[in-house]
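Colleague: Can you look at this prediction? I've put the sequence above it.
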Amino acid sequence: MNTFFRERCFFILEKRRTLLLFGVLFLLGILLGILFIKTPTVYEYHLNLTARFLGEVCFSDRSVFLIFFERTCGNALLLALVLLAGVHFAGLAVPPVVLLYRAYAFGGSLTILFTVYRVTGVLVALTFYLPIHLLVDVILIGATAVSCNRAREFCFCRRDFCELGLDFFAFFMLIAAVCLFEAVLLFAIFHPIGAVV
């Protein structure tokens, strides 16, 4: 299993151009999220998105385990979309949309956290929201690089589907680790002991 993870890491790092392209796309999405925040409709959207995140994740009375499960499943769904996009060239339109939307929402929500929620928002952004979001995005960009390569040579045969499943498992384990780290941060910083179970 360690060999498989190592091979995947080396393979992804070899795809520097793809990583750079999607990294730039992600930064562009963040910039758009920050620039368009003044538009009333966009502002309301990001305000509601951020308020829901703070209310349902950071300052919620819900179980940390339940939040961990929900966040892991949500990110795993995005991962599945990104990896399944690699079975055909037409599907490669999906990963940029996923990354651009996440980056756009990220930029807008960061702006709201810093400008509306002030000290609390800065604390949430720097200790929790920013690192977790970026870690998941790095994983999704890596999965996108794998999908772009797969689209060139994917045959609908057992071997390729097994490779797709192994890739999903490898990236899912990384996402689960990030979500577990998120749950630990939630417990340590935001949630009272009674909200663990």
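Modeller: Yes, it's here. Worth saying up front: this structure is predicted, and the values here are computed from it rather than measured.

Colleague: elements contacting the top helix by length along the chain?
Modeller: With secondary structure taken from DSSP state H, the chain has its longest helix at helix 158-185. If you count contacts as 3 or more C-beta pairs under 8 Å, 6 or more residues apart in numbering; DSSP states H and E, helix 158-185 packs onto helix 2-14, helix 64-84, helix 130-153. No exception for glycine: its C-beta is placed from N, CA and C like everyone else's.

Colleague: Just send those back as TSV, with distance to residue 169, mean pLDDT and mean neighbour count too.
Modeller: Formatted as TSV, those follow (distance: least, C-beta to C-beta, whole Å; pLDDT from 0 to 100; neighbours: other C-beta atoms under 10 Å):
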stretch	distance to residue 169	mean pLDDT	mean neighbour count
helix 2-14	9	59	12
helix 64-84	10	94	17
helix 130-153	12	89	19
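
Colleague: among those helices, which is nearest residue 178?
Modeller: Set against residue 178 and scored by C-beta to C-beta, the helices and strands packed on helix 158-185 come closest in helix 130-153, at 4.6 Å.

Colleague: Give me the contact list for the closest one.
Modeller: 8, 11-12, 15, 18-19, 22-23, 26, 75, 78-79, 82-83, 85-89, 91-92, 95-96, 98-99, 102-103, 106, 110, 160, 163-164, 167, 171, 174-175, 178, 181-182, 185 (C-beta atoms under 8 Å, 6 or more residues apart in numbering).

Colleague: List only those of those residues flagged as buried.
Modeller: Buried by 16 or more other C-beta atoms under 10 Å: 8, 12, 15, 18-19, 22, 26, 75, 78-79, 82-83, 85-87, 91-92, 95-96, 98-99, 102-103, 106, 110, 164, 167, 171, 174-175, 178, 182, 185, out of the contacts of helix 130-153.

Colleague: and the gap between residue 32 and residue 169?
Modeller: Relative to residue 169, residue 32 is positioned 33 Å away (C-beta to C-beta, to the nearest Å).

Colleague: higher neighbour count, these two?
Modeller: Neighbours per residue (other C-beta atoms under 10 Å) separate residue 32 from residue 169, with residue 32 holding more: 16 against 11.
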